[in-house]
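# what's the 3D shape of this:
(one chain, ligands or ions: 1)
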Amino acid sequence: MVRFKDLSIRYKLTLIMLLISSVVLLLSSTAFMVNELLTLQATMDSDLRTKTRITASSAASALHFHDAETATYALKALEADHSIVMAQIFSNRQSEPFATYVRKETAKPALLGDIKAHQFYYSHAYLQFSMPMQSPENEHQGDIVLLLDRNLLYQRIRTYVSIAFGIVLVSVLIAFLLSTALQGVITRPILSLVDLTHRVSHEKNYALRATIDHHDEIGILVNGFNEMLQVVEQRDEELEKHREHLEQTVANRTAELKKLNLKLTYQAYHDALTNLPNRALFIKRVEQAIHHADENNELLAVLFIDLDRFKYINDTLGHAAGDRLLQEVAQRLLTCTNQPEDTVARLGGDEFTLLLRNVREPANAGIVAEHIIKALTLPFSFHEQELYVTPSIGISIYPKDGRDVGSLMKNADAGMYMAKNQGRNNYRFYTSSANAASAARLNMEHKLRQALEFEQFEVWYQPRFDIRTGQIVGAEALVRWRSPDFNLVPPAQFIPLAEDTGLIIPIGEWVLRTACQENMKWQSIYPHSLNVSVNLSARQFVQEDLLNSIEKMIADLSMNPSRLELELTESLIMPNAEDTIETLKALKKLGMQISVDDFGTGYSSLSYLKRFPIDTLKIDQSFVRDIPEDEDDCALVTAIIAMAHNLKLAVVAEGVETIEQLHFLRNYDCDYVQGYLFGKPMPAADFHQLLKNPLNLSEQFGYSYCYPLSAET
Ligand SMILES: Nc1nc2c(ncn2[C@@H]2O[C@H](COP(=O)(O)O[C@H]3[C@@H](O)[C@H](n4cnc5c(=O)[nH]c(N)nc54)O[C@@H]3COP(=O)(O)O)[C@@H](O)[C@H]2O)c(=O)[nH]1
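This is a model prediction of the structure:
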């Protein structure tokens with residue numbers, strides 16, 4: 001069953017109007033009828049009273065004279081009035097009615113109640129009224145009663161009801177027709193609004209508007225609807241703009257993400273410093289190459305390149321120089337392969353790799369290695385300085401030296417260590433012994449760490465003499481490793497590895513402290529001042545807390561700092577001269593001596609030499625070795641001595657092995673000598689003995705002023 005609230009507005013309006021009109025008409029008709037009936041009843045009452053009075057008056061004399069016939073006749077006059085059903089006159093003198101009139105064809109009805117003056121009685125069918133009848137003398141002589149038929153009233157009611165019903169019907173009909181015709185005025189704009197709503201929601205066209213031809217509530221509604229559409233349209237436009245903006249942003253972000261992704265992928269597979277493929281990409285390329293080589297029966301070569309002394313350059317010149325050098329090396333390596341399918345990669349640090357595809361014979365890989373060595377031979381320039389770096393290259397061949405990336409790289413690495421062990425700046429093909437060499441290096445590193453832990457290092461001392469007085473003036477401290485496995489290991493065999501691994505820092509510190517402690521013992525044995533000179537490696541020299549640790553050590557030992565001489569090689573101090581000057585000044589400030597070791601082997605700038613706060617130049621033994629035979633060496637040695645003296649520097653000649661060398665150096669005014677001629681590096685105990693029993697050099701070398709030295713001299 002359809003509920004009222006579910007009906008359309010049209011039907012609701014029609015029903016409401018019908019209901020209202022019906023209710024109104026019914027109420028008004030009912031009110032009207034009630035009013036009419038009450039009026040009619042009052043009229044009937046009044047009419048009956050009038051008729052009763054008139055009849056009573058016309059029959060009064062008949063009653064007075066007791067003339068029943070006349071009285072009856074008087075009553076009969078009521079015949080003309082069809083509403084009077086019965087009329088009776090009662091005389092005081094008798095109980096029976098004095099005269100009676102009953103309408104024809106009507107059964108005589110019974111009276112409705114006792115006869116009481118001016119009293120109305122009502123029954124469904126009749127209305128009774130009675131009044132007293134007076135004699136001419138105004139004496140009560142009897143009563144008259146009239147009975148009125150109320151049918152007339154009912155007829156009227158029926159007529160009214162019929163009319164009212166008819167009016168209601170007609171009215172409802174008219175109301176229905178009118179409401180049907182007029183409800184369109186209300187529903188049409190609403191329906192068109194509904195229609196518009198559907199269009200808007202289907203077409204999503206918020207520019208549509210409802211036409212307004214009403215100024216009533218519907219007009220307000222339409223207006224409100226249009227305003228709402230306008231707001232929605234504006235929102236929609238804003239949303240559209242926002243959406244477009246968002247789409248643009250998303251498109252931009254997506255493009256950025258793609259770029260970033262490409263960049264990240266690139267970064268994941270490339271070395272940031274050199275832009276060369278990194279280890280991950282190199283491994284991939286080798287894997288692909290192996291796959292291809294398998295299918296096409298080809299040879300591959302993997303070259304493992306390590307730069308000799310790179311760490312040293314990095315430490316002395318700083319990371320900027322190191323980075324620049326690596327970039328330049330990368331560029332030069334790229335020129336060494338002319339096949340586009342070959343790969344040059346940087347694994348990290350100073351390690352580079354090369355993948356050569358479709359190698360016809362292993363020797364071709366050797367040719368590429370030679371190109372690399374040649375390409376790196378030319379100096380690298382950094383801030384107007386020329387830097388030299390050499391490579392050690394190991395080569396492994398697929399499939400001979402390994403069938404997977406790991407083996408090929410490991411074996412090329414082993415070949416590289418072989419190249420390093422065999423003098424650097426060369427290349428070696430992998431052989432089974434290369435693995436042993438690589439393992440040996442690892443083993444050596446392990447043992448070196450143990451040596452530090454178990455204090456297997458010793459400091460040996462090589463005496464230094466004043467060439468004029470023949471007096472011993474000090475000693476150079478030289479480290480030795482007394483290994484339980486390798487016996488006494490000379491520094492040349494472990495210092496390079498210690499430098500590569502950074503172990504040189506703790507080893508160097510230990511040597512420095514031990515040498516200083518030893519120097520303090522010498523003072524109690526030997527009456528003259530003795531210096532101890534200690535070699536400082538590049539990595540020690542660039543340590544941030546170098547100054548602090550030396551200062552602390554001197555303070556701890558309460559040592560006279562002027563007894564300590566630090567030996568720095570020419571190639572250590574020159575490349576980064578400005579920074580070096582500052583560090584040297586600070587060291588000088590602490591009170592120690594500074595000497596330049598291996599002088600003549602590096603690339604000294606004389607202007608810097610002048611500015612360095614140094615005390616001594618040590619002529620490298622390579623120049624001393626061939627004097628006085630080699631004229632060039634003689635010229636160099638004499639020039640160095642002259643220059644040093646001009647710069648107010650002392651000169652030490654090292655590696656003096658012959659009396660001729662000694663004579664030459666003495667003739668050219670060299671200040672100090674050191675070499676096997678006077679004494680090889682020796683353990684501390686032996687050096688103590690030497691200090692206690694100095695050699696008689698006057699006998700040995702013909703110098704009257706030399707040994708033996710006495711406390712007095
Ligand atoms: N950073 C550190 N370096 C050190 C330390 N101890 C040594 N070294 C360096 O190791 C290099 C080799 O030293 P060593 O094997 O001790 O050789 C020294 C001398 O034995 C040798 N020498 C001395 N006189 C002669 C000689 O007449 N003939 C000859 N053939 N060799 C001789 O020369 C080496 C000393 O050289 P130098 O240091 O340049 O004075 C060596 O380079 C040491 O620097 C250390 O504790 N720390």
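# neighbouring strands - and their directions - for the longest strand along the chain?
Identified as the longest strand of the chain according to DSSP state E is strand 472-483. Sheet pairing here is set by DSSP bridges, and for strand 472-483 it gives strand 457-466 (antiparallel), strand 487-489 (antiparallel), strand 531-535 (parallel).
# can you tell me which of these is most buried?
Burial of the strands paired with strand 472-483 is given as mean neighbour count (mean count of other C-beta atoms under 10 Å); strand 531-535 ranks first at a mean of 23. All C-beta atoms are positioned from the backbone trio N, CA, C, and that covers glycine.
# could you pull up the mean pLDDT of that one?
For strand 531-535, mean pLDDT is 96.
# got the contact list for Asp271?
Asp271 makes contacts with 277-278, 345-346, 348, as judged by C-beta atoms under 8 Å, 6 or more residues apart in numbering.
# surely Arg346 and Asn278 touch.
Yes - counting by C-beta atoms under 8 Å, Asn278 is a contact partner of Arg346 at 6.6 Å.
# before we move on, back to that, just the buried ones from the contacts of Asp271, in ChimeraX syntax?
With 16 or more other C-beta atoms under 10 Å as the criterion, this ChimeraX line picks the buried residues out of the contacts of Asp271:
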select :277,278,345,346
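# of the contacts of Asp271, closest to the ligand?
Nearest to the ligand among the contacts of Asp271 is Gly348, at 26.0 Å by C-beta to the nearest ligand atom.
# tell me the predicted confidence for the closest one.
Looking at Gly348, the pLDDT reads 92.
# for the residue nearest the centre of the chain, phi and psi?
With distances taken as C-alpha atoms, centre = their mean, Leu257 lies nearest the centre of the chain, 12.7 Å away. With angles defined as degrees, to the nearest 10, Leu257 sits at phi -60, psi -40.
# got it, and Arg403?
Dihedral angles for Arg403 - degrees, to the nearest 10 - are phi -110, psi 0.
# can you check the one 3 residues further on too?
Its backbone dihedrals place Gly406 at phi -60, psi -50, with angles given as degrees, to the nearest 10.
# count of neighbours near it?
11 (other C-beta atoms under 10 Å).
# next: Cys634.
Using other C-beta under 10 Å, Cys634 is surrounded by 16 other residues.
# that one is in contact with Pro628, isn't it?
Yes - counting by C-beta under 8 Å, Pro628 is a contact partner of Cys634 at 5.7 Å.
# overlap in contacts, those two.
Phe664.
# what about Gln267, is that helix, strand or coil?
Counting by DSSP: H, G, I helix; E, B strand; the rest coil, the backbone at Gln267 sits in helix.
# scratch that, Ala272
coil.
# show the pLDDT at it.
94.
# so what's the residue count around it?
Neighbours of Ala272 (other C-beta under 10 Å): 9.
# tell me the secondary structure at Ile627.
Ile627 carries the three-state label coil when classified by three-state DSSP.
# distance of it from His663?
According to C-beta to C-beta, to the nearest Å, Ile627 stands 10 Å off from His663.
# same check on Lys521?
Lys521 is 34 Å from His663, by C-beta to C-beta.
# and for Leu19?
Counting by C-beta to C-beta, the gap from Leu19 to His663 is 148 Å.
# go through the chain and flag its longest helix.
What stands out as the longest helix in the chain, according to DSSP state H, is helix 9-64.
# helices or strands up against that helix?
Applying 3 or more C-beta pairs under 8 Å, 6 or more residues apart in numbering; DSSP states H and E, one finds that helix 9-64 contacts helix 68-76, strand 84-91, strand 97-102, strand 126-134, strand 140-149, helix 151-203.
# for the ligand, find the nearest of these.
Short answer: helix 151-203, nearest of the helices and strands packed on helix 9-64 by C-beta to the nearest ligand atom, at 88.5 Å.
# any chance of the contacts of Asp271 in a markdown table, plus secondary structure and distance to the ligand?
Shown next, in a markdown table, are the contacts of Asp271 (DSSP: H, G, I helix; E, B strand; the rest coil; distance: C-beta to the nearest ligand atom, whole Å):
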| residue | secondary structure | distance to the ligand |
| --- | --- | --- |
| Pro277 | strand | 37 |
| Asn278 | coil | 34 |
| Ala345 | strand | 33 |
| Arg346 | strand | 29 |
| Gly348 | strand | 26 |
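# list, one by one, the residues from this structure near the ligand.
Listed as neighbours of the ligand in the chain under the rule C-beta under 6 Å from any ligand atom: 462, 476, 478-479, 490-492, 495, 508, 511, 535, 537, 597-598, 621, 654-657, 675-676, 681.
# looking at those residues, which are in strands?
Those of the residues of the chain next to the ligand lying in strands (DSSP E): 462, 476, 478-479, 535, 597-598, 654.
# in a markdown table, list the residues you listed along with distance to Met553.
Shown next, in a markdown table, are these (distance: C-beta to C-beta, whole Å):
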| residue | distance to Met553 |
| --- | --- |
| Gln462 | 22 |
| Glu476 | 18 |
| Leu478 | 19 |
| Val479 | 17 |
| Asn535 | 16 |
| Asp597 | 21 |
| Asp598 | 25 |
| Glu654 | 26 |
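# so what's Asp500 closest to, chain neighbours aside?
Distance criterion C-beta to C-beta, 6 or more residues apart in numbering; nearest residue to Asp500, sequence neighbours excluded, is Lys311 at 6.2 Å.
# for Leu584, list the residues it contacts.
Counting by C-beta under 8 Å, 6+ apart, Leu584 has contacts 573, 594, 612-614.
# can you count the residues close to Ala419?
The number of residues packed near Ala419 is 28, by other C-beta under 10 Å.
# that one: helix or strand, and which one exactly?
helix 405-421 (DSSP states H and E).
# now the residue lying closest to Pro561 once chain neighbours are set aside: how far from His82?
Closest residue to Pro561 apart from its sequence neighbours, by C-beta to C-beta, 6+ apart: Gly591 at 3.4 Å. Note on Gly591: its distance to His82, by C-beta to C-beta, is 164 Å.
# before we move on, back to that, quick one: which of the contacts of Asp271 is nearest Thr43?
Of all those, Thr43 sits closest to Asn278, with 125.3 Å by C-beta to C-beta.
# and the spatially closest residue to the closest one that is not a sequence neighbour, how far from the ligand?
The shortest distance from Asn278 to any non-neighbouring residue, by C-beta to C-beta, 6+ apart, is to Asp271 (4.7 Å). Per C-beta to the nearest ligand atom, to the nearest Å, Asp271 is found 32 Å from the ligand.
# what residue ranges in the stretch 601-713 of the chain score low on pLDDT?
602-605, 695-700, 702-713 (pLDDT under 70).
# all helices of it, in order?
In the stretch 601-713 of the chain, the helices defined using DSSP state H, counting those that start in this stretch lie at 606-611, 621-624, 631-646, 659-667, 684-692, 697-701.
# give me the mean pLDDT for stretch 543-554.
90.
# got it, and stretch 480-494?
Mean pLDDT, stretch 480-494: 88.
# please parse the protein into its domains.
For the chain, automatic domain parsing gives the domain ranges 47-163, 204-269, 279-430, 447-699.
# straight-line length of the first one, end to end?
When the termini of domain 47-163 are compared using C-alpha to C-alpha, to the nearest Å, they are 25 Å apart.
# in the stretch 301-450 of the chain, which residue sits closest to the ligand?
For the stretch 301-450 of the chain, C-beta to the nearest ligand atom, closest residue to the ligand: Tyr312, 11.3 Å.
# I'd guessed that residue sits against Glu499; true?
Yes - look at Tyr312 against Glu499 with C-beta under 8 Å: they come within range, at 6.8 Å.
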